[in-house]
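Q: Turn this into a structure:
(one chain, ligands or ions: 1)
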Amino acid sequence: MVERTLAIIKPDAVKKDVIGDIIGRYEKAGLRPIAMRMIRLSKDVAEGFYAVHRQRPFFGSLTTFMSSGPVVVLVLAGDDAIKRHRDLMGTTDPKKADPGTIRAVHGTNIEYNAVHGSDSPDTARFEISYFFPEMDLGVQ
Ligand code: CMP
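A: I've put the predicted structure just below:
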């Protein structure tokens, strides 16, 4: 089933000049960018995006990091895009991620982990509409 998912290339990856490498990996995997913006998140916008993590001990540090420099936010479309994107990213902690995954290659630690991806259809709908409110969410 064709799905849409939200990806973020985080400030650490943007600083490392690997935007092109990461988007190339999406394209080679058949995950087509259908919307894309490069923006600097305010702390407020980062907090709203990660609101489900508000009670976590790392919330303050995560949202400071996410607002520390520009990010690239994209909507990717493809068959089974949510799960396939998560497989391509690797697990949250780059040190535990499978070799060759984006986080294993470009991440530094569990916080500076290069990329974000929606983890379920409900999350994808929320996250896509958070950054691309104009998108038609009828087609998932
Ligand atoms: P992401 O996929 O963007 O979703 C939530 C983010 O919180 C996660 O990637 C990490 O960057 C960060 N994160 C998750 N767990 C921890 C942790 N234990 N310590 C610090 N940051 C974390």
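Q: Around the ligand, which positions in the protein sit nearby?
A: Selection of the chain residues close to the ligand by CB under 6 Å from any ligand atom yields His53, Phe58, Leu62, Thr92, Ile110, Glu111, Asn113, His116. Where C-beta positions appear, they are placed from N, C-alpha and C, glycine not excepted.
Q: With neighbour count and distance to Arg37 as added columns, please give those residues in JSON lines.
A: Listed next are these as JSON lines, based on neighbours: other CB atoms under 10 Å; distance: CB to CB, whole Å:
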{"residue": "His53", "neighbour count": "13", "distance to Arg37": "22"}
{"residue": "Phe58", "neighbour count": "12", "distance to Arg37": "25"}
{"residue": "Leu62", "neighbour count": "17", "distance to Arg37": "20"}
{"residue": "Thr92", "neighbour count": "14", "distance to Arg37": "24"}
{"residue": "Ile110", "neighbour count": "15", "distance to Arg37": "26"}
{"residue": "Glu111", "neighbour count": "16", "distance to Arg37": "23"}
{"residue": "Asn113", "neighbour count": "25", "distance to Arg37": "21"}
{"residue": "His116", "neighbour count": "20", "distance to Arg37": "14"}
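Q: These in helices, which ones?
A: Counting by DSSP state H, these place Leu62 in helices.
Q: Identify, from the residues of the chain next to the ligand, the entry nearest to Ile19.
A: His116 (14.1 Å; CB to CB).
Q: name the element the spatially closest residue to the closest one that is not a sequence neighbour belongs to?
A: Sequence neighbours aside, Ile8 is the residue nearest to His116 in space, at 4.0 Å (criterion: CB to CB, 6 or more residues apart in numbering). Using DSSP states H and E, Ile8 maps to strand 2-9.
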